[in-house]
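> Sharing a model that was predicted from the sequence below.
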Amino acid sequence: MKTTLLKIFAPILNLFEAPDDGSEYSYSPSHRKILWVMGFLFLGVTGVGIFFAIQANAMATLLPIILFGSIGLLCLIVAGLGSDRAVSKLWRNR
């Protein structure tokens with residue numbers, strides 16, 4: 001299952017896993033845990049946005065829904081499937 005997901009999300013993960021200059025990177029396991037939490041929080045905000053978008057019947061809420069949903073999915077993809085280098089690159093720790 002993980003190999004299939006890695007193939008599906010390879011274009012996204014390659015952006016973060018490719019070494020820039022071959023330098024060392026700083027990784028801490030807590031960074032991955034925080035990415036999980038941030039991903040679920042952003043998806044929670046997306047869910048609340050969808051709820052209020054349905055209640056208000058307003059198209060103006062689509063931008064925040066798409067934005068927060070994309071950020072949440074990116075965090076979960078990198079936290080779940082990304083290498084240590086991808087996590088540290090997302091945190092900009094080099």
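On my side now, so go ahead. Numbering: from 1, shown residues only.
> residues of the helix ranked longest in the chain that come out buried?
When the chain is parsed with DSSP state H, its longest helix is helix 29-56. Buried residues in helix 29-56, counting neighbours by 16 or more other C-beta atoms under 10 Å, are found at 31-32, 35, 38-39, 42-43, 45-46, 49, 53. Yep, even glycine has a C-beta here, placed from its N, CA and C like the rest.
> Could you do stretch 73-87 as well?
Going by 16+ other C-beta under 10 Å, stretch 73-87 has these buried residues: 73-79, 81-82, 85-87.
> Looking at those residues, which are in helices?
Counting by DSSP H, these contribute 73-79, 81, 85-87 to helices.
> Quick check: the two most widely separated of the residues you listed?
L73 and R85 (19.9 Å; C-beta to C-beta).
> Where does the prediction get shaky in the chain?
19-23, 93-94 (pLDDT under 70).
> Go again with 80.
18-25, 92-94 (pLDDT under 80).
> Can you tell me which of the ones in helices among the buried residues of stretch 73-87 is closest to Y25?
R85 (5.4 Å).
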